[in-house]
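Asks: Compute the structure for the input listed below.
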Amino acid sequence: MCEITLCIINHNGAAHLRHAFAALAAQHWRFAEVLIVDDASTDDSLEVVARLCPHARVLRLERNAGPGAARNAGVAAARHDLILFQDNDVRLEADTAALLLEDLAAHPEALAVAPRVVDAVEPSRVHFDSADCHFLGLMATRHAGAELAALDDAAAETTSLVTTCFLIDRARWKGDGPLFDDSLGFNLEDHDFGVRACLTGHRLRVNPRARVLHGGGTPGLSYRPGCRPSEKRQFYLTRNRWLLVLKCFSTRTLLVLAPAFVFFEVLQLAWLAGQGRASVWRRAVGSLWLRRRELAAERRAVQGSRRVPDGAVLRGGPLPVTPHVREAGLGRIGVRLANGLLSLYWRGAARWIA
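Replies: Down below sits the predicted model:
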């Protein structure tokens, strides 16, 4: 039997961990190791771990540098190459691990496979089936908000990776250095990893037969329908999208898509200004400027390791924006107009992206 490390990433998730450990106890799969990477929690998370999962090995980080840094620590500390990562608000179904392992074993070219993520509050609705990379550099989650009964269980390849839960074979990683970019903080660090992995020649997969329930996320950072995104989240989304685009897209792609980037940026700034948050955009641009030298070095590294053209990774489709943007009055009109114009532009531009 293959040995798998279950690695749970936790930050102040004591309430979530209780549910996660209850689901772990019902697993058909017996994990060779349970590793808790605690990202400098200040609540009673470690007491919950000691009481409910005493056999777990705890790696306590002294500083919260974001989930990417925590996952890098988990990759380095795991005793086995097969690592099933899950966030603290995830509940595995009894056969999740077995189904993900079956898929990964059947596809030796794949680096990682993700499950279908279902809303724990409304389990008839899908949160997402992992994601793809939209040509604007955004993460386009698959089937976000769709009714579970309306979807099939067909597995597929993806061009990004949502790291809420995923199984990875560490031994298959072809890149140099850590998997995740620690400097991205919170948000799109998983998208950045997924896109870079695809450009390097890795395959990523989603298998909807494997399912997990997804809870409430991290207060102040995670987005859930009905909530207004925090300024911190909007800052990271704005800045990190540009970091990904400037690192990963080829020069030719950047030139071909430049008009679409400008159009989207104007829309984004107008939206933030309308929310009284234009300062978020200014701070994001300022942060990009301050790290321009580091970004140039990162771009050289990514472009030097690429094995796959942008055209094989980028996807069209509607703007992947949250319901908070899409359903508001002016946002609804703006998104509808933007989708029409950007769709026309992508149809013409896609042929020139190699």
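
Asks: all helices for the chain, in order.
Replies: Remark: helices assigned in the chain by DSSP state H are 14-25, 45-52, 67-77, 96-106, 189-200, 231-248, 251-274, 278-290, 292-305, 323-326, 329-349.

Asks: I'd say Ala144 and Val126 touch.
Replies: Yes: counting by C-beta atoms under 8 Å, Val126 is a contact partner of Ala144 at 7.3 Å. (Glycine included, C-beta is placed from N, CA and C.)

Asks: the more surrounded of these two?
Replies: Higher neighbour count among Ala144 and Val126: Val126, with 24 against 17, using other C-beta atoms under 10 Å.

Asks: Just confirm that one contacts Ala149, I think it does.
Replies: No: using C-beta under 8 Å, Val126 makes no contact with Ala149, being 10.0 Å away.

Asks: what's the neighbour count on the closest residue to Ile9 other than its chain neighbours?
Replies: In this structure, Ile9 finds its nearest non-sequential neighbour in Ala70, 4.9 Å apart by C-beta to C-beta, 6 or more residues apart in numbering. Number of residues near Ala70 (other C-beta under 10 Å) recorded here: 26.

Asks: what sits against Ala70?
Replies: Applying C-beta atoms under 8 Å, 6 or more residues apart in numbering, we find Ala70 in contact with 9, 11, 37, 39, 61.

Asks: repeat that for 7 Å
Replies: Applying C-beta atoms under 7 Å, 6 or more residues apart in numbering to Ala70 gives the contacts 9, 37, 39, 61.

Asks: again, but for Leu213
Replies: 91, 118, 120, 123.

Asks: what about 8 Å?
Replies: If a contact means C-beta under 8 Å, 6+ apart, then Leu213 has 23, 90-91, 93, 118-120, 123 as its contacts.

Asks: So for it, what's the pLDDT?
Replies: We have a pLDDT of 96 for Leu213.

Asks: how much space between it and Leu344?
Replies: Using C-beta to C-beta, to the nearest Å, Leu213 is found at 39 Å from Leu344.

Asks: Nearest residue to Leu184 in space, ignoring adjacent ones along the chain?
Replies: Asn240 (5.1 Å).

Asks: wait, doesn't that neighbour sit right on Asp190?
Replies: No: using C-beta under 8 Å, Asn240 makes no contact with Asp190, being 10.5 Å away.

Asks: sorry, back to before: and the contacts of Leu213, which are buried?
Replies: Neighbour-count burial (16 or more other C-beta atoms under 10 Å) is assigned, among those, to 23, 90-91, 93, 118-120.

Asks: For those residues, name the two members farthest from one another.
Replies: Pairwise distances among the buried ones among the contacts of Leu213 were taken by C-beta to C-beta; the largest, 15.2 Å, belongs to Ala23 and Asp119.

Asks: Output stretch 150-164 as CSV, nothing but the C-alphas.
Replies: Extracted as CSV, the C-alpha positions of stretch 150-164 are listed here (Å, rounded to 0.1, in the frame of the first residue of the first chain):
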residue,chain,number,x,y,z
ALA,A,150,-26.4,19.1,-12.7
LEU,A,151,-22.7,18.1,-13.0
ASP,A,152,-21.1,14.8,-14.1
ASP,A,153,-18.1,13.2,-12.4
ALA,A,154,-15.8,13.3,-15.4
ALA,A,155,-12.1,13.8,-14.5
ALA,A,156,-10.2,16.4,-16.5
GLU,A,157,-6.9,18.2,-16.8
THR,A,158,-6.6,21.8,-15.6
THR,A,159,-4.3,24.7,-16.1
SER,A,160,-4.3,25.9,-12.5
LEU,A,161,-4.7,24.4,-9.1
VAL,A,162,-6.9,25.3,-6.1
THR,A,163,-5.0,24.1,-3.1
THR,A,164,-7.9,23.8,-0.7
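
Asks: how about that stretch: buried residues?
Replies: Using 16+ other C-beta under 10 Å as the test for burial, stretch 150-164 gives 155, 158-164.

Asks: Counting neighbours, what do you get for the residue nearest to Leu184?
Replies: Around Asn240 there are 25 other residues, counting by other C-beta under 10 Å.

Asks: OK, contacts around it?
Replies: 184-185, 187-189, 191-192.

Asks: Would you format those as JSON lines with distance to Leu254 included?
Replies: JSON lines is the format used below for the contacts of Asn240 (distance: C-beta to C-beta, whole Å):
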{"residue": "Leu184", "distance to Leu254": "20"}
{"residue": "Gly185", "distance to Leu254": "24"}
{"residue": "Asn187", "distance to Leu254": "22"}
{"residue": "Leu188", "distance to Leu254": "18"}
{"residue": "Glu189", "distance to Leu254": "22"}
{"residue": "His191", "distance to Leu254": "18"}
{"residue": "Asp192", "distance to Leu254": "16"}
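
Asks: Alright, I will stop here.
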